[in-house]
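Visitor: predicted model follows, preceded by the sequence.
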Amino acid sequence: MTAPLIDCDVAIVGAGSAGLPAYREILKAGLKPLLIEGGPHGTMCARVGCMPSKLLIAAAQSVADMRHADGFGIRLAGPPRVNGAAVMERVRRERDRFVGFVVDDVQAMPPEHRLDAPVEFLRDGVLRAADGREVHARRVILATGTRPNVPDLYRPLGALAIVNDDVFDWHDLPRSVLVVGSGVIGVELGLALARLGVRVRVLNRSDSFAHLADPQVRAAAVDLLAPELSLVRRAQIETVRREGDQAVVGWSVDGGPVTVERFDRVLLTAGRSPALESLRLERTTMPLDERGRPRFDPATLQVQGQPVFLAGDVTGRHAIQHEASDDGRLAGRNAAAWPDVRALPRRAPMAVVFSDPQIMQVGGGYAALDGLDEIAVGEVDWTRQGRSRVMQRNQGLLHVYMRKSDRRFLGAEMVGPDAEHVAHLLAWALQMEMTVPDMLALPFYHPTIEEGIRTALRDAARQAG
């Protein structure tokens, strides 16, 4: 018996932070969508990303706050005691609540708009589901997200080698964790686990840290966070083996002697790759690059010469929830309007690391200044900032970047208090194409963290004369 065909105007592969907005755009256009999901529903952000990581970080922050209470003259009966099982129970419970909201939305969709099965391409515009059904789509949106990279070096560790997706299903905290990589995930989870009483070691193969490009801001961040992370930079992994229920890892620095330590788990945070392998793209006429990924226009998200669009993390351009959502809307609109595709204005770039102190970049940060002449760098040292000192959070550095010729604000990098909020204010100013004098004409209440922004902006303005 031949499996039934499913016909649709637009097939959306992936029901995550990009796929769901794309689905809504297709509906708005009056077309027939098919939302395809081959894995668990709930978005990567809700299941294994933004939300559960912040739950773990919040628990760790409560421990840090108690440890700092003595500085305010508040004496606790003893050091805080962490119940790892209770911590992880709350993480899982609240994570499942967030996931539940997304699942409810998907289940409320008409059944004819959904296909819960893995699919692969048979040819252009035709996909086959795992149960044999064929999907015939006049247009396709690929919003399949990413998968964490697991280098072959760590395969001998078996289940002891984990990725961030695994952490949030723990039922208790391990005694020790080696974190490989000091990017956003490595810094956030490494610091949270360390503050919850886990022995943590973070290894990174270079001097990079949390994607900071400004050398002074990066140095400040390393000085503040490296001790708690037991950070080792320029580390070369030499040996990896499993002995019983522990991982035994050896590394060297700059060709020096090998250090060997044992860990209960090894957390791999060495990046993620677009989840495209199972789609069998080679069966289509899509132009693919040397890595087998579709060549597409970043402005319209259209695959070159095809009624196919990419959206979200699968593009490899960013892994930020609001950017993925914007991608979904853009891909949905262009898929609905194809062949009349258009670029839409994008939001100012912004990135935040939820460490303590927090880290942020706005506008591409220091790296975006490469090749530009006559740049003023305004600075505030948070150690001397009034409100920060009141709260015992006076540490870190903010750099703002201004083009001297027209005093245009170009971006910022920071490690310090409330960086997530500072980042929003500066990103809004950047998107509004404000000059530094424009920004200084705005109100700054006293005493606030935001006054530190004014200090940095004034410093930049002075340099322009």
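Guide: In hand now; what should we look at? Numbers count the residues shown, from 1 in each chain.
Visitor: from here on, just use CA atoms for contacts and neighbour counts.
Guide: Noted.
Visitor: might you report the residue contacts of Pro4?
Guide: For Pro4, the contacting residues are Arg133, Glu134, by C-alpha atoms under 8 Å, 6 or more residues apart in numbering.
Visitor: if I look at it, how far off is Arg139?
Guide: 19 Å (C-alpha to C-alpha, to the nearest Å).
Visitor: check Glu413 too.
Guide: Glu413 is 40 Å from Arg139, by C-alpha to C-alpha.
Visitor: please say which of those two ends up with more neighbours.
Guide: Glu413 (28 against 22; other C-alpha atoms under 10 Å).
Visitor: helices of the stretch 101-250 of the chain, start to end?
Guide: Here the stretch 101-250 of the chain has its helices, by DSSP state H, counting those that start in this stretch, at 164-167, 184-195, 215-229.
Visitor: out of these, deepest packed?
Guide: helix 184-195 (a mean of 24; mean count of other C-alpha atoms under 10 Å).
Visitor: pLDDT value on the residue nearest to Arg75 when sequence neighbours are not counted, please?
Guide: Closest residue to Arg75 apart from its sequence neighbours, by C-alpha to C-alpha, 6 or more residues apart in numbering: Ala69 at 7.0 Å. The model reports Ala69 with a pLDDT of 93.
Visitor: and if you look at the one 4 residues further on?
Guide: Reported pLDDT at Gly73 in the predicted model: 94.
Visitor: where does the prediction get shaky in the stretch 101-250 of the chain?
Guide: Applying pLDDT under 70 to the stretch 101-250 of the chain flags no residue at all.
Visitor: neighbouring contacts of stretch 295-308?
Guide: 138-142, 286-289, 294, 309-311, 327, 330-331, 334-335, 338-339, 341-344.
Visitor: any of those residues buried? List them.
Guide: 138-142, 286-288, 294, 309-311, 327, 330-331, 334-335, 338, 341 (16 or more other C-alpha atoms under 10 Å).
Visitor: which residues of the stretch 151-300 of the chain fall in strands?
Guide: For the stretch 151-300 of the chain, the strands defined by DSSP state E, counting those that start in this stretch occupy 161-162, 176-180, 199-203, 231-232, 235-243, 246-253, 259-263, 265-268, 272-274.
Visitor: point out the other helices and strands that the last one packs with.
Guide: Where contact means 3 or more C-alpha pairs under 8 Å, 6 or more residues apart in numbering; DSSP states H and E, strand 272-274 is packed against strand 146-148.
Visitor: outside of the strand it packs on, which residues touch it?
Guide: Val163, Thr269, Ala270, Gly271, Arg272, Ser273, Pro274, Ala275, Asp313, Val314.
Visitor: nearest to Gln321 among those residues?
Guide: Asp313 (8.8 Å; C-alpha to C-alpha).
Visitor: just checking, Val240 touches Arg155?
Guide: No - assessed by C-alpha atoms under 8 Å, Val240 is found out of contact with Arg155, at 9.1 Å.
Visitor: which one is Ala461 nearest to, not counting chain neighbours?
Guide: Val436 (6.9 Å).
Visitor: for Ala331, give its distance to His424.
Guide: On the measure of C-alpha to C-alpha, Ala331 and His424 end up 25 Å apart.
Visitor: one step back: just send the strands of the stretch 151-300 of the chain back as JSON lines, with mean neighbour count and distance to Ala64 too.
Guide: Formatted as JSON lines, the strands of the stretch 151-300 of the chain follow (neighbours: other C-alpha atoms under 10 Å; distance: least, C-alpha to C-alpha, whole Å):
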{"stretch": "strand 161-162", "mean neighbour count": "20", "distance to Ala64": "26"}
{"stretch": "strand 176-180", "mean neighbour count": "24", "distance to Ala64": "19"}
{"stretch": "strand 199-203", "mean neighbour count": "23", "distance to Ala64": "15"}
{"stretch": "strand 231-232", "mean neighbour count": "22", "distance to Ala64": "19"}
{"stretch": "strand 235-243", "mean neighbour count": "17", "distance to Ala64": "28"}
{"stretch": "strand 246-253", "mean neighbour count": "19", "distance to Ala64": "28"}
{"stretch": "strand 259-263", "mean neighbour count": "16", "distance to Ala64": "24"}
{"stretch": "strand 265-268", "mean neighbour count": "24", "distance to Ala64": "22"}
{"stretch": "strand 272-274", "mean neighbour count": "16", "distance to Ala64": "30"}
